[in-house]
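Q: I'll drop the sequence and a predicted model, then ask my questions.
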Amino acid sequence: MELLFVVLGGAIIGLAGRYLLPNRHTHGSVLIPAVGVAAASILWVALTWAGLKWDGGWIWWITLLGTAAIVAVADIVIGRVRSTADDRMLHTLARGAVAR
């Protein structure tokens, strides 16, 4: 049952990241929330395997703050890579060459 709440928390953090972080125009509307869900789930399971108890506070803090950090980094990296690729494609098309 707790994993359901963790997934919901990851989705909410991902949605917040989608609309609060600056690179929203460089990726689809579900990518960053999906990253949040995956990050929260993986962190929760890893911390559970590491021995943290689900009813303790540390597992929740680490999972939710870690998810927020991963979502922020993913948005920044994906946005930067995508903008660079788009600029390169525009430059290639403006020269009249065929992009590969």
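A: Here it is on my side, so go on.

Q: so A74 makes contact with P33?
A: No. A74 is beyond contact range of P33, at 10.8 Å (criterion: Cβ atoms under 8 Å). (C-beta placed from N, C-alpha, C; glycine too.)

Q: tell me the spacing between D87 and V37.
A: From D87 across to V37, the span is 30 Å (Cβ to Cβ, to the nearest Å).

Q: ok, those two, which is more surrounded?
A: V37 (21 against 10; other Cβ atoms under 10 Å).

Q: give the contact list for the more buried one.
A: V7, G10, A11, G14 (Cβ atoms under 8 Å, 6 or more residues apart in numbering).

Q: which of the residues you listed tops the neighbour count?
A: Neighbour counts for the contacts of V37, by other Cβ under 10 Å, peak at G10, which reaches 28 neighbours.

Q: distance check, it against W44.
A: With the distance defined as Cβ to Cβ, G10 ends up 9 Å from W44.

Q: which helix or strand contains I59?
A: Under the criterion of DSSP states H and E, I59 resides in helix 57-95.

Q: pull out the buried residues from that helix.
A: 59-60, 62-64, 66-68, 70-71, 74-75, 78-79 (16 or more other Cβ atoms under 10 Å).
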